[in-house]
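J.: The amino acid sequence is not available; the structure is as follows:
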């Protein structure tokens, strides 16, 4: 019994000495202080980062620990885009309120053709700078996944304005690997708005030759994805995740980025002269194709790797 008492005293003295040393070092050593602060910041750093992409001024998220506003196409911000052209006041406002996609390694100058993919690329290449979160996602400034007050099983969400609660999102990821938007394509020109294939939907709104051009390199580079590709493009019985709004585990996002940009850069080399002749809406071709490739890649991951997906709708702001 005495031995245990002595060991307790020794442990207490050691802890007291360590505490005194910590206080002295924190007060006298800037290196030690910076190291302690860095550890604290790392512990507090959000595990979820969702980048909200902007072309022009709009509402800013009030909860910026999770939601990060980001201007896309900043390298060419003075050039016209689908929504018009920025004024000098617009540019000042955007620079004051958000980060851009034009620092370090980037493809910001390709934005008029690559759309939000310039944000994808920047985040992919600057992941440590954004805090190396375990989960990453993307919304648009007027469209976001619906994580407002709803009951999904045992999970309850509340988003006041943009106020996402990180812990609630993390709770959902205990059961799922990705949160996405899924839908069925419909012929809006028909009286009954009948369901159509995503191939037909693309042909109705864009240059279908671009989609057909994407099929060949998918078959060549990723032949294992062909069954998933055929299902996404031609099966009308299922909803598909065909849109650039999602939240995923970092490892999944990186796998998608790697395959996506190999494919998009190859298509750019093949079709840049053709795309240059398109109007400003259709020039965003690689962004449109990326939406379809995301659905193909995700379906493949579900079928072969058991990736679990939570589907929700989109809120328009």
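T.: Received, thanks. Just so we're clear, the structure is a prediction, and the values are computed from it rather than from any experiment.
J.: any idea where the helices of the chain begin and end?
T.: 2-28, 30-44, 88-97, 111-114, 117-125, 166-172, 198-205, 208-221, 226-234, 250-275, 285-305 (DSSP state H).
J.: I'd like those helices written out as a markdown table, with distance to residue 146, mean pLDDT and mean neighbour count added.
T.: To be clear about C-beta, it is placed using only N, CA and C from the backbone, and glycine gets the same treatment. Formatted as a markdown table, the helices of the chain follow (distance: least, C-beta to C-beta, whole Å; pLDDT from 0 to 100; neighbours: other C-beta atoms under 10 Å):
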| stretch | distance to residue 146 | mean pLDDT | mean neighbour count |
| --- | --- | --- | --- |
| helix 2-28 | 45 | 62 | 10 |
| helix 30-44 | 28 | 50 | 11 |
| helix 88-97 | 24 | 96 | 13 |
| helix 111-114 | 26 | 98 | 24 |
| helix 117-125 | 21 | 98 | 24 |
| helix 166-172 | 13 | 86 | 15 |
| helix 198-205 | 22 | 96 | 18 |
| helix 208-221 | 28 | 97 | 15 |
| helix 226-234 | 22 | 97 | 18 |
| helix 250-275 | 20 | 97 | 16 |
| helix 285-305 | 18 | 97 | 21 |
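J.: Residue 184: which of these is closest?
T.: Ranking those by their distance to residue 184 (criterion: C-beta to C-beta) puts helix 198-205 first, at 8.9 Å.
J.: Need the contact partners of stretch 50-61.
T.: For stretch 50-61, the external contacting residues (C-beta atoms under 8 Å, 6 or more residues apart in numbering) are 66-73, 81-84, 86, 90, 93-94, 97-98, 116, 119, 123, 136-142, 144, 161-162, 164, 247, 317.
J.: Give me the buried stretch members for it, please.
T.: Across stretch 50-61, burial judged by 16 or more other C-beta atoms under 10 Å covers 50-57, 60-61.
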